[in-house]
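In: Please find the sequence and the predicted model below.
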Amino acid sequence: MFNYLIESSVCLILFYLVYFFFLRNDTFFQRNRFYLLLSSLLAVTIPLVEFNLTPSTSGETIAVTLENISVGATNVEQTLETTVTNTWSLGTVLLVIYIVMVVLMIARFAWRMIRLIRIIRKSNVQVRMDYKLINTQGKLPTFSFMRYLFWDNTKELTPNERTKIINHELTHIRDLHSWDVMYMELVKIVLWFNPVIYLYDRSLKYHHEFIADAAVLKETSAKDYGKLLVQSLFKQMNLQLTHNFNQIEIKKRLAMMEKLRSPGYKFLKIFLLLPLMAMMLFAFSNSSPSVVPINQNDGGYRFAGVEGGLGLFYKRLSKELRYPIESQRKGIEGRVFVNFKIKADGSLTQFKILKGLDDACDKEAIRAIKAVNVNWLPAKMDGAIIGQKLTIPITFSLTDVKKQAQLTTK
């Protein structure tokens, strides 16, 4: 889990830097809204994407991935004592803090939703063509949520001012901005510890306001509308899921209204997302090589094997593997993909980590494979002995270690 959260956070930061330095000052408000929504979605999904990292075959070498082996419940001889005496490791403490905060964030989100629903149910709703109107009688400020327009009918406004404010809020309703806000609330629940997600949230709400302002400016001058913004004295409402007419800094909105429209070619800057996304997919994706059973003949191939069968290799590797205590204390767990080559003489060479966890787990995985005392049988192709590359996924699981510790102490 920690690896996922770290990788998601790095993705989020890099995506936001692109927005901050290249996109935020352009007047393509819908483009920027789309970018903020898409990039935040990519940040939380890229680490979950799986693609095949098995090396491609070339020349006289074929590549195969073995089945996964887990380090934990059957491999705790050297780590059991530490696990029993130090159950509350740093990783465990951080996990508990994370879960508690997630629960609190969910509770806050649910409370706000329930509060809004209660307000709607207690109100006299007037159904209009594009929205549903609720007069607040001065108890609430003017704001919009989903298809509901909450209107403070105690404010003294001219018909022209009323029309401008309604058009502003109707833009929020028609463009489904409330869905954006609720989506961002869900992302904040997952990445609550990352300050960049709050910058995302604020930037998205800015662009909601810019979009709504631009819609009003199609029918009025920036000068007149700016005066209305400055003169508006609506109270703020701490619902966070709504769009208040006066929700963000007036100065920023006024500056954006006066800004010259960005030239069309700048719209293409959104494609900066593509190379950044490709880089993150390669760096952070949950790479999972496809598993190919190797004790079988496939046409002219005879895959590499072990004298006594692969079961013997797995058994000895399982006994050899040790979960690094340092990694346990840090709460590090997950899979390490070790790739190596079986030469024509049966010896092993070219060890490398395709996707690792930390330095300790990576080194332990390679050490254990090298230490297993078995005789490898080289692969054959059309009767000729050839080299073969293998990838072994090794799972380091804190859950398995803790279960074994609990069973031992009973």
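Out: That came in fine, so what should we check first?

In: And Leu36, how close does it get to Val374?
Out: As for Leu36, its distance to Val374 is 54 Å (criterion: Cβ to Cβ, to the nearest Å). To be clear about C-beta, it is placed using only N, CA and C from the backbone, and glycine gets the same treatment.

In: More neighbours: the two, which one.
Out: A direct count of neighbours by other Cβ atoms under 10 Å for Leu36 and Val374 places Leu36 higher, at 25 against 17.

In: what helix or strand is the more buried one on?
Out: helix 29-45 (DSSP states H and E).

In: hey, where'd the strands end up in the stretch 101-250 of the chain?
Out: Secondary structure of the stretch 101-250 of the chain, counting by DSSP state E, counting those that start in this stretch: strands at 125-127, 132-135, 143-145, 148-151, 243-244.

In: Quick one, which of those strands gets closest to Lys341.
Out: When the strands of the stretch 101-250 of the chain are compared by Cβ to Cβ, strand 243-244 sits nearest Lys341, at 59.8 Å.

In: one step back: turn the strands of the stretch 101-250 of the chain into CSV, including distance to Phe284, mean pLDDT and mean neighbour count.
Out: Formatted as CSV, those follow (distance: least, Cβ to Cβ, whole Å; pLDDT from 0 to 100; neighbours: other Cβ atoms under 10 Å):
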stretch, distance to Phe284, mean pLDDT, mean neighbour count
strand 125-127, 46, 95, 11
strand 132-135, 43, 95, 17
strand 143-145, 35, 92, 24
strand 148-151, 40, 94, 23
strand 243-244, 34, 60, 24
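
In: Which among those is found nearest to Leu95?
Out: Closest approach to Leu95 among these (Cβ to Cβ): strand 143-145, 34.7 Å.

In: That closest one pairs with which strands, and in what direction?
Out: In the sheet containing strand 143-145, its partner strands are strand 148-151 (antiparallel), strand 243-244 (antiparallel), by DSSP bridges.

In: Kindly export the longest one (C-alpha atoms) in PDB.
Out: Yep, that's strand 148-151 we're talking about. Written as PDB, here are the backbone C-alpha positions of strand 148-151 (Å, rounded to 0.1, in the frame of the first residue of the first chain):
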ATOM      1  CA  TYR A 148     -30.400  22.900  -7.100                       C
ATOM      2  CA  LEU A 149     -30.000  26.700  -7.000                       C
ATOM      3  CA  PHE A 150     -30.200  28.100  -3.500                       C
ATOM      4  CA  TRP A 151     -31.200  31.700  -3.700                       C
END
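
In: which residues are contacting it?
Out: Here strand 148-151 makes contact (Cβ atoms under 8 Å, 6 or more residues apart in numbering) with 119-120, 125, 131-136, 140-144, 166, 169-170, 173, 242.

In: mind redoing it with 6 Å?
Out: Applying Cβ atoms under 6 Å, 6 or more residues apart in numbering, the contact partners of strand 148-151 are Tyr131, Lys132, Leu133, Ile134, Asn135, Thr136, Leu140, Thr142, Phe143, Glu169.

In: The helix holding Leu36 packs against which elements?
Out: helix 2-18, helix 195-217 (3 or more Cβ pairs under 6 Å, 6 or more residues apart in numbering; DSSP states H and E).

In: mind running it again at 10 Å?
Out: Under the contact definition 3 or more Cβ pairs under 10 Å, 6 or more residues apart in numbering; DSSP states H and E, helix 29-45 sits against helix 2-18, helix 177-190, helix 195-217, helix 273-284.

In: Give me the buried positions along it.
Out: By neighbour count on 16 or more other Cβ atoms under 10 Å, the buried set for helix 29-45 is Phe29, Arg31, Asn32, Arg33, Tyr35, Leu36, Leu37, Ser39, Ser40, Leu42, Ala43, Val44.

In: pLDDT at Arg322, what is it?
Out: Arg322 carries a pLDDT value of 90.

In: Please work out the angle formed by the directions of the strand or helix carrying Thr349 and helix 273-284.
Out: Assigned by DSSP H and E, Thr349 belongs to strand 348-355. In terms of direction (axes from the mean of the first three to the mean of the last three Cα atoms, to 10 degrees), strand 348-355 departs from helix 273-284 by 130 degrees.

In: what's the farthest-apart pair in the contacts of strand 148-151?
Out: With Cβ to Cβ as the measure, no two of the contacts of strand 148-151 lie farther apart than Tyr131 and Leu140, at 16.0 Å.
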